[in-house]
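Enquirer: quick one, what's the 3D model for this:
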Amino acid sequence: MNTDPGRDRYITLVEAATGTPYRSGNSFTILQNGDQIFPAMLEAIRSAKTSIEFVTFVYWRSDIATEFANALAERARAGVQVRLLVDAVGGAIMNSRTVWDLERAGVKVAWFRPARWQYLRKLNNRTHRKILVVDAILAFAGGVGIADEWTGNADSPRHWRETHVRIAGPACADLRASFAESWLEAGRERLKPIPELAPAGSVAVHTASSTAGTRPTEIERLFLGVIAATCTRLWITTAYFVPNEQLIAALAAAVRRGVDVRVLTNGPLSNHRVTHLAGRASYQRLLAAGVRILEYQATVLHSKVLSADGAWATVGSTNLDDRSLVLNDEINVSVVDHAIVAGLDQQFEADCTRAREIHSSHWAVRGWSSRLAESGAGLFRHQL
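Expert: The predicted structure is shown next:
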């Protein structure tokens, strides 16, 4: 690896926090919004020669869902081993005819923790992972769901703002292992590990695969470790921002060290109103500590990106709330590449131009009805 002190520092930090290594030799492409994400994923599916493994939380009735189903079915009929895993809650409104067509074509369809007696103790623990692995050599991860809301280019309230990544190289093995873990949990066969993959680029990639369980989870350790180590700049994009006490303290401590801490989250168009209100209950303390908070105004913001010191960044399915950090299975990929981080930082700045910053002077004089709604929603913060 290159001798870059900032880069090496984050590699050491992340590996120590998670107990899993970086993989060198990857290509890593950022995909912004449905106009970039869906064509890349569909092209990969249609080019599959041996296998497709796909896990998603959202698979809603929609034109894009039909397009994905048709592409998966066509490859299965061509002899490709196709496995599709859908969370039983996130995919509850998936078209039953679509499932029937997929299975008839030879796609192995499984549901993650449906409402059955053997899953009763875990019904509150969902898989929020979004992973697509094609031929074991090409992978996608991030926040996108399979629904028309993610199509377009965040150009209207009907088209959501999203960030996803395309990876080729050795890191695909880690993403595939996360899929295999979820597939086994769904009661399906144990998948054999894939052989070590040849390099496909020059980017070091780390995969954090977090499973609901005893705190702190792997991604919670990752986030808290990075926040504690950031020196100059911490920029956070999160769809759902309901920070717990530990996160609030860590963000406040970063500001006291002189770190420029900014949080970009959903504004009035949030698709989870209660979550939005619960997150707002923490604004006063964060603003008083010097954390800058911006609410996205253009459409639903669904991206999940953390960037630190212009040297490290992570993209994935994890929000800054207990639902992601504690209750769900999640997946994040991290890089230590200045060009990639710079691109994500530029996108953050562009997104901020479509956001409204919350200022403590205005926040302190908001109405009592807003305060009561936020306090009430805050009672459910550990489930959001």
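Enquirer: how about low-confidence regions in the stretch 51-200 of the chain?
Expert: For the stretch 51-200 of the chain, no stretch is flagged by pLDDT under 70.
Enquirer: that one: strands as residue ranges?
Expert: Secondary structure of the stretch 51-200 of the chain (DSSP state E, counting those that start in this stretch): strands at 51-56, 81-87, 108-112, 131-134, 138-142, 163-168.
Enquirer: avg pLDDT for the longest strand along the chain?
Expert: Secondary structure of the chain per DSSP state E: the longest strand is strand 23-32. Average pLDDT, strand 23-32: 98.
Enquirer: please begin residue numbering at 665 from this point
Expert: New numbering, starting at 665: the last item is strand 687-696.
Enquirer: now for that strand, which elements pack on it?
Expert: Applying 3 or more C-beta pairs under 8 Å, 6 or more residues apart in numbering; DSSP states H and E, one finds that strand 687-696 contacts helix 697-710, strand 827-832, strand 867-874, helix 1002-1016. Any C-beta I mention is one placed from the backbone N, CA and C, and that applies to glycine too.
Enquirer: now the ones you listed in JSON lines, with mean neighbour count and distance to residue 919?
Expert: Output for the helices and strands packed on strand 687-696, formatted as JSON lines (neighbours: other C-beta atoms under 10 Å; distance: least, C-beta to C-beta, whole Å):
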{"stretch": "helix 697-710", "mean neighbour count": "18", "distance to residue 919": "31"}
{"stretch": "strand 827-832", "mean neighbour count": "24", "distance to residue 919": "25"}
{"stretch": "strand 867-874", "mean neighbour count": "25", "distance to residue 919": "25"}
{"stretch": "helix 1002-1016", "mean neighbour count": "16", "distance to residue 919": "18"}
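Enquirer: which ones are touching the residue nearest the centre of the chain?
Expert: Geometric centre of the chain, nearest residue: residue 981, 1.4 Å, by C-alpha atoms, centre = their mean. By C-beta atoms under 8 Å, 6 or more residues apart in numbering, the contact list for residue 981 reads 721, 792-794, 805-807, 968, 988, 994-996.
Enquirer: redo those residues as a markdown table? Include distance to residue 823 and neighbour count.
Expert: Listed next are those as a markdown table, based on distance: C-beta to C-beta, whole Å; neighbours: other C-beta atoms under 10 Å:
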| residue | distance to residue 823 | neighbour count |
| --- | --- | --- |
| 721 | 19 | 23 |
| 792 | 21 | 28 |
| 793 | 23 | 28 |
| 794 | 18 | 23 |
| 805 | 21 | 28 |
| 806 | 16 | 25 |
| 807 | 14 | 29 |
| 968 | 18 | 24 |
| 988 | 23 | 28 |
| 994 | 24 | 29 |
| 995 | 24 | 26 |
| 996 | 24 | 26 |
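Enquirer: no further queries at this time; thank you.
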